[in-house]
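Undergrad: Quick one, structure for this:
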Amino acid sequence: MYYVLLSGGSGKRLWPLSNEARPKQYMKVVTKEANSMERCSMLQRVWEQIREAGMEEHTVITAGTDQMELIRSQLGEPPIAAEPARRDTFGAVLLSCAYLCSHMGASEEDYAVLMPVDPYTEGSYFETLKSLEGIMKKSGAQVGLMGVVPSYPAVKYGYMLPGERKGDYLEIQGFEEKPGEERAKELIEGGALWNCGVFCVQIGEILKRALEYGVPKDYEGMFRSYEKLPKISFDYEVLEKARHLAAIEFGGFWRDLGTWDALADQMNTDTIGKVLLDETCENTQVINELNIPVAVIGGRDLVVAAAQDGILVAEKGKADRVRGLTAGLSARAMFEERRWGTLETLDDTETPGVSTLTRKIRIYDGKTSSYHYHKDRDEIWTVLNGTGELILEGNKILLEPGKAVCIRKNQRHAVKALKNFEYIEIHVGTSVGNQDINRITFEWDEIELSHIL
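TA: Model (predicted):
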């Protein structure tokens, strides 16, 4: 059996820490294990649990091409089924199944379990997943599901409505989305399960649907024709139309950390970052990514989050309104994580005829940028810390603290961090930021051999 982590969401409900460049599943705000203070991202935590369950060799991550660098920064080189555009979960499922056949040795008779990338759960969750293939074969269901046994009448989750019990699985007769508390109590009394977004399909049966839209079943062909697939969720396109659904129950700990309320509930500390939390505060959690202190006095039932993109102060129970409130914001992401390091925007100024952008760049030891050039801007670099090596139009330049260098339009360049490398980068031109990057290669050896010798 094969497994797919669906990681294509933007996670705007966790603004200001999450943004288009760093969706919620990549934020390092959860702990690796219980009673640990070591922080990691939701993706890193789940991938480690998958590794511990012995599922790594048969697991692929499905995400947008714009997230590939971020995934590799956090995990190394896992298999990634890249989406050329966002087409909702139906398209992501088809593309994932195509990747499994084209690149991971799966056959159309095999089964695949698809799951969200961000559950906050325990190891037994992944062991339970392994039984879905057997349930599919035993029940003859079109789709196999896993539902969580509710521990309280949650109003933020959807519910699976149970039908007849058949030994170790339940037939599912329908779904109900985010009921009120009284209705949630009724559902639980009737044996309903939380819908945790996990489903199992036979790969070939799913790939047949690609042909209905004139899309090839192989991964490369589907990638090229991806825009032909409808923008629709798997739930609407498949689950709600399926005549036979079967579900297994998971009775362990599970939470969806998709909202600030849920994330705050699972923090094993009330503060992260430079925070002064007065003793008069009650049931208040503060996350601060800024390099300045945040002080909270008399806060009650609050979530406070401060990051380069903004500051959020929200009453618990209402924090999920942040997605609608910030929907109109379209400013540049002020913090990004790449495969080679991080970049933080310090200033972004536009004037008639010229724009400037100032960023602090940190490159991890031994990592390199791509070999590239810019058509519409010059760059001025000033080294703050550590040492690096710049290749500029075939010339090697050692970069040390205090050294400055000017890179003109159309000059090809790449940089490699030797140790603790950090510098300020100023863009001056008619186009700044990530829009004006013309990449030649990512391979440092190739840069040295092909462009220097």
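Undergrad: Would you mind confirming that S124 is in contact with G252?
TA: Yes. Between S124 and G252 a contact is recorded at 4.6 Å, counting by Cβ atoms under 8 Å. (C-beta placed from N, C-alpha, C; glycine too.)
Undergrad: Now for the two: what residues contact both?
TA: Counting by Cβ atoms under 8 Å, 6 or more residues apart in numbering, S124 and G252 have no shared contacts at all.
Undergrad: would you list every one of the strands in the stretch 301-450 of the chain?
TA: Assigned by DSSP state E, counting those that start in this stretch, the stretch 301-450 of the chain shows strands spanning 302-307, 310-315, 335-337, 341-351, 354-363, 371-373, 377-392, 395-399, 404-407, 413-429, 438-441.
Undergrad: For P79, find the nearest of the ones you listed.
TA: Closest to P79 of those, according to Cβ to Cβ: strand 335-337, at 20.1 Å.
Undergrad: That closest one pairs with which strands, and in what direction?
TA: strand 341-351 (antiparallel) (DSSP bridges).
Undergrad: list the contacts for the residue nearest to N291 when sequence neighbours are not counted?
TA: Leaving aside its chain neighbours, N291 sits nearest to K274 (7.2 Å; criterion: Cβ to Cβ, 6 or more residues apart in numbering). Contact analysis of K274 by Cβ under 8 Å, 6+ apart lists 288, 290-294.
Undergrad: if we can go back for a sec, just the strands of the stretch 301-450 of the chain: most buried one?
TA: Most buried of the strands of the stretch 301-450 of the chain, by mean neighbour count (mean count of other Cβ atoms under 10 Å): strand 302-307, with a mean of 24.
Undergrad: Tell me the strands beside it, with direction?
TA: Taking DSSP bridges as the criterion, strand 302-307 sits next to strand 285-288 (parallel), strand 310-315 (antiparallel) in its sheet.
Undergrad: Make JSON lines out of those strands and add distance to L418 and mean pLDDT.
TA: Below are these laid out as JSON lines (distance: least, Cβ to Cβ, whole Å; pLDDT from 0 to 100):
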{"stretch": "strand 285-288", "distance to L418": "31", "mean pLDDT": "95"}
{"stretch": "strand 310-315", "distance to L418": "35", "mean pLDDT": "95"}
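Undergrad: and of those, who's closest to G167?
TA: Of all the strands paired with strand 302-307, strand 285-288 sits nearest to G167, with 43.2 Å by Cβ to Cβ.
Undergrad: next structured bit after the closest one?
TA: The helix or strand immediately downstream of strand 285-288 is strand 294-296, counting by DSSP states H and E.
Undergrad: outside of that next one, which residues touch it?
TA: With contacts defined as Cβ under 8 Å, 6+ apart, strand 294-296 is touched by 273-278, 281, 284, 286, 288, 302, 304, 306.
Undergrad: Check which residues of it are buried.
TA: For strand 294-296, a neighbour-count test (16 or more other Cβ atoms under 10 Å) marks 294, 296 as buried.
Undergrad: Tell me the helices and strands packed up against the longest helix seen in the chain.
TA: Secondary structure of the chain per DSSP state H: the longest helix is helix 88-103. Judged by 3 or more Cβ pairs under 8 Å, 6 or more residues apart in numbering; DSSP states H and E, helix 88-103 is in contact with strand 2-6, strand 59-64, strand 80-83, strand 111-116, helix 203-212, helix 219-224, helix 234-237.
Undergrad: mind giving me a markdown table with those and columns for mean pLDDT, mean neighbour count and distance to I71?
TA: Formatted as a markdown table, those follow (pLDDT from 0 to 100; neighbours: other Cβ atoms under 10 Å; distance: least, Cβ to Cβ, whole Å):
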| stretch | mean pLDDT | mean neighbour count | distance to I71 |
| --- | --- | --- | --- |
| strand 2-6 | 96 | 24 | 10 |
| strand 59-64 | 95 | 23 | 6 |
| strand 80-83 | 96 | 22 | 6 |
| strand 111-116 | 96 | 22 | 15 |
| helix 203-212 | 94 | 17 | 23 |
| helix 219-224 | 96 | 17 | 17 |
| helix 234-237 | 90 | 18 | 21 |
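Undergrad: got a markdown table for those, with distance to R323 too?
TA: Formatted as a markdown table, the helices and strands packed on helix 88-103 follow (distance: least, Cβ to Cβ, whole Å):
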| stretch | distance to R323 |
| --- | --- |
| strand 2-6 | 19 |
| strand 59-64 | 19 |
| strand 80-83 | 21 |
| strand 111-116 | 17 |
| helix 203-212 | 30 |
| helix 219-224 | 30 |
| helix 234-237 | 19 |
